[in-house]
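**Q** Quick one: sequence and predicted model below, then my questions.
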Amino acid sequence: KAGVTQTPRYLIKTRGQQVTLSCSPISGHRSVSWYQQTPGQGLQFLFEYFSETQRNKGNFPGRFSGRQFSNSRSEMNVSTLELGDSALYLCASTFGRGQETQYFGPGTRLLVL
Amino acid sequence: AQSVTQLDSHVSVSEGTPVLLRCNYSSSYSPSLFWYVQHPNKGLQLLLKYTSAATLVKGINGFEAEFKKSETSFHLTKPSAHMSDAAEYFCVVSESGTYKYIFGTGTRLKVLA
C-alpha cells in the first residue's frame, strides 16, 4: 500500500505570495492532519480534517487554511506569506479518529524569501 | 489536560552502547503513547505504540519502550546503538476522547563512532 504523499517536496516563494500544498493519505484513511515544523517552535499542529470537515484547529492565524476532498486528499493554503512561514509542512493520515497511529508524509519544505 | 515532556534535548552515545531516551507524560484518561523517529529532511516514522495491551512495547529496529503508569513515563531504549540511529526522536501522547496528539519537543540522538 502506498504511503502518504505530499507535493511539491520543495517550494520557494516570496513574501506576500500565497501557496497551496497537497497531501494524499494512505488509501482508505479518512483523517488528515497538518503540522508545521521549524527549528525554533518544533512541531506545531495546524488542523485536522475528517470526512471533508475540519475537526480540530491549532493556534495559527487565518492566513492558514485547508480543505479535504471526497477522496480524502487534502490541501492547505497559506496566503500573504511571511518570512516566518518558512518551515517543513508535514501531513499525517489515520484511518479514523481517536488515538490511532498517524502515518506521516515526507513533508513539503517551504522557503519564503 | 494532556502533555508530554522529553527530558533531554540532546543525547550522545557511542556505537554499540545502550540508548535511553526519556519521556514523561501527563494524561487524565487512558492515553495512547507513541515514539516516532525523524531523519534529516524526512517525515516522521513510527517506532512503536502503546495502547494498554502490554506495558513493554517492542518496536522496529530493536527499539522498545516500557509504560510505567506509577512514574508516568514511557522511556525509549535500545540495547546497542548503531550509526544509523542518529536522528531526532519524538514522544507523542493522545488521550482518549480528545482526538488530539501532543508532541514532545524532541530528543536529538548523536551516535559516536
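**A** Structure's in. What do you need?
**Q** Tell me which residues touch the residue nearest the centre of chain B, please.
**A** Residue closest to the mean C-alpha point of chain B, counted by CA atoms, centre = their mean, is B:W35 at 3.6 Å. Counting by CB atoms under 8 Å, 6 or more residues apart in numbering or on different chains, B:W35 touches B:21, B:23, B:46-48, B:59, B:63, B:65, B:74, B:76, B:89-92. For the C-beta atoms, the positions are set from N, CA and C on the backbone; glycine is no exception.
**Q** next one: B:S94
**A** A:G98, A:Q99, B:Q2, B:P31, B:S32, B:L33, B:F34, B:K100, B:Y101, B:I102.
**Q** Next, it: phi, psi?
**A** phi -130, psi 120 (degrees, to the nearest 10).
**Q** same question, B:F63
**A** When quoted as degrees, to the nearest 10, the phi and psi of B:F63 stand at phi -80, psi 150.
**Q** near chain B, which residues of chain A show up?
**A** Taking CB under 8 Å from any CB of the partner chain as the contact definition, chain A meets chain B at A:4, A:33, A:42-43, A:45, A:48, A:55-56, A:88, A:90, A:92, A:97-99, A:101-107, A:109.
**Q** still on that earlier bit, quick check: which element contains the residue nearest to the centre of chain B?
**A** For B:W35, the host element (DSSP states H and E) is strand B:31-38.
**Q** Just the C-alphas of that strand, formatted as PDB.
**A** What follows is strand B:31-38, C-alpha atoms only, in PDB (Å, rounded to 0.1, in the frame of the first residue of the first chain):
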ATOM      1  CA  PRO B  31      -3.500   7.500  26.900                       C
ATOM      2  CA  SER B  32      -2.000   6.100  23.800                       C
ATOM      3  CA  LEU B  33       1.700   6.800  23.600                       C
ATOM      4  CA  PHE B  34       3.900   6.800  20.500                       C
ATOM      5  CA  TRP B  35       7.600   7.100  19.600                       C
ATOM      6  CA  TYR B  36       8.500   8.500  16.200                       C
ATOM      7  CA  VAL B  37      11.900   8.900  14.600                       C
ATOM      8  CA  GLN B  38      12.800  11.600  12.100                       C
END
